[in-house]
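A.B. asks: Got a predicted structure plus its sequence, pasted below:
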Amino acid sequence: ASYYCNKLGFEELAYRGLETGSREVVSHVVKQDKIVFVLSSALNPGNEEMGEHLVKHGDGVKDVAFEVEDCDFIVQKAKERGAVVVKEPWVEEDKFGKVKFAVIQTYGDTTHTLIEKLSYKGLFLPGFLPPL
């Protein structure tokens, strides 16, 4: 994250890690105009989801997320068109509101997270706080 900020002009936006209650993954969110990257790493050995991807592909893009208006509709259409639903829609919330997520896989090992903000007013997403 520091490389993106120091060399490429991104700014720190949000953070999730041990200090915010996340015990498995640490994530730094950086932003430049409308581009937002979430850079995540496993905190413990044995993280199967991240570990398997790293062993197979090395450092790289595991997931590309899209903010959508109707998560359920898009998941249904993606199923009809042959996408694999990795994780059915679920809702996360904090004191700033609710966000609906789903994860689909269309081609290869890269997944796509669909994010529907249900009147969410927080900084980024539930569980994220301002950078340290």
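C.D. replies: Here it is on my side, so go on.

A.B. asks: least trustworthy helix or strand in the chain by mean pLDDT?
C.D. replies: helix 48-57 (a mean of 82; mean pLDDT, DSSP states H and E).

A.B. asks: how distant is stretch 37-52 from the center of its chain?
C.D. replies: With CA atoms, centre = their mean, to the nearest Å as the basis, stretch 37-52 stands 12 Å off its chain's centre.

A.B. asks: Can you check the pLDDT for the residue of the chain positioned farthest from its centre?
C.D. replies: For the chain, the largest distance from the centre (CA atoms, centre = their mean) belongs to Glu80, which lies 24.0 Å off. Glu80 is assigned 96 on the pLDDT scale.

A.B. asks: re earlier: what's the offset of the least confident helix or strand of the chain from the middle of its chain?
C.D. replies: The answer for helix 48-57 is 16 Å, by CA atoms, centre = their mean.

A.B. asks: What residues of that helix count as buried?
C.D. replies: Neighbour counts over helix 48-57 (16 or more other CB atoms under 10 Å) mark His53 as buried. In this view, the C-beta of every residue, glycine as well, is placed from N, C-alpha and C.

A.B. asks: go on, stretch 61-74?
C.D. replies: Quick answer for stretch 61-74 (16+ other CB under 10 Å): Lys62, Val68, Cys71, Ile74.

A.B. asks: I figured the third one hits Val99, correct?
C.D. replies: No: using CB atoms under 8 Å, Cys71 makes no contact with Val99, being 9.4 Å away.

A.B. asks: what do the two both touch?
C.D. replies: Ile115, Glu116 (CB atoms under 8 Å, 6 or more residues apart in numbering).

A.B. asks: ok so, going back, the least confident helix or strand of the chain packs against which elements?
C.D. replies: strand 35-42 (3 or more CB pairs under 8 Å, 6 or more residues apart in numbering; DSSP states H and E).
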